[in-house]
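sequence and predicted structure, then a few things I'm wondering about:
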Amino acid sequence: MKQICISLLFVLLCVKGYGRHEPNEAYFIIIQKEAIVQIQAEFPWTIRKALLNEDASLKNATSKEEFDKAFFNYIKKHLILKDTSNKELDLLSVEELPKTGHNHGGTFLISFSGNEFKSVKNELMFNLYKNQQNHHEFSVSKKNKLEFSTTKIVPSFMVTEKFEISCFWLGMGLFFLIVVFIIIKKST
């Protein structure tokens with residue numbers, strides 16, 4: 001009985017220590033500043049493999065600068081932000097952030113020029129996985145956070161989509177209340 005309890009405890013500890021490191025998921029927090037849109041991107045360890053698949057010349061690369069340049073170009077090609085006039089925002093920089101805690105991937109700060117964005121097209125790592133998911137979060141106010149995900153089927157989103165849907169349902173609710181009010185008035 002003692003051996004069974006010890007075995008169960010060992011199995012539970014092993015399962016507890018097993019972290020989820022999905023190789024086909026990346027996370028993006030978008031922050032709008034005065035004249036810059038910053039994105040804090042958390043990539044799984046497979047980002048290096050996606051970069052090597054994109055740029056075969058990196059197999060013979062000997063310096064970090066070569067990888068940094070290829071990574072910048074990869075981001076520029078596959079992460080596109082557009083403003084309200086449908087103009088692409090310029091990619092300014094891609095900086096690796098210091099590692100914190102237990103992390104198998106990498107965290108980067110990606111900066112675009114522009115004081116507002118309307119749409120995001122994120123096809124990062126789509127060259128590696130058919131089921132790649134890129135999760136995005138950003139604040140439109142202190143109380144309202146929006147979340148979107150991009151996949152190969154839906155690689156982009158418009159920031160106003162959620163507001164339009166909310167306005168639609170608000171309008172439908174008001175219409176329903178007016179109809180109910182009219183029915184009640186007619187029946188009395």
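Good, I have the coordinates. Numbering: from 1, shown residues only.

give me the low-pLDDT residue ranges for the chain?
For the chain, applying pLDDT under 70 flags the ranges 1-21, 101-104, 140-142, 160-169.

same thing but 80
Filtered on pLDDT under 80, the chain yields the residue ranges 1-21, 99-105, 139-144, 160-177, 179-181, 188.

and what about the closest residue to S156 other than its chain neighbours, helix, strand or coil?
Distance criterion C-beta to C-beta, 6 or more residues apart in numbering; nearest residue to S156, sequence neighbours excluded, is K121 at 3.8 Å. Every C-beta, even on glycine, is put in place using the N, C-alpha and C of the backbone. Taking DSSP: H, G, I helix; E, B strand; the rest coil as the rule, one finds K121 in the strand state.

I figured K121 hits K76, correct?
No. Using C-beta atoms under 8 Å, K121 makes no contact with K76, being 12.0 Å away.

now I31, nearest residue through space, not along the chain?
Q38 (4.6 Å).

any idea how many residues pack against that neighbour?
17 (other C-beta atoms under 10 Å).

touching, it and F28? I think so.
No. Q38 is not in contact with F28 according to C-beta under 8 Å; the separation is 10.5 Å.

can you give me the strands for the chain?
Using DSSP state E, the strands of the chain run over 25-32, 36-43, 79-82, 91-96, 106-113, 119-122, 133-139, 145-150, 156-158.

mind checking which of these is nearest V180?
Smallest distance to V180 across these (C-beta to C-beta): 31.4 Å, for strand 145-150.

what sits up against that closest one?
120-123, 133-140, 156-157, 159, 162 (C-beta atoms under 8 Å, 6 or more residues apart in numbering).

with distance to K69 added, can I get the strands of the chain in JSON lines?
As requested, the strands of the chain are exported to JSON lines (distance: least, C-beta to C-beta, whole Å):
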{"stretch": "strand 25-32", "distance to K69": "21"}
{"stretch": "strand 36-43", "distance to K69": "17"}
{"stretch": "strand 79-82", "distance to K69": "16"}
{"stretch": "strand 91-96", "distance to K69": "10"}
{"stretch": "strand 106-113", "distance to K69": "14"}
{"stretch": "strand 119-122", "distance to K69": "21"}
{"stretch": "strand 133-139", "distance to K69": "22"}
{"stretch": "strand 145-150", "distance to K69": "25"}
{"stretch": "strand 156-158", "distance to K69": "26"}
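
sweet, I'm off.
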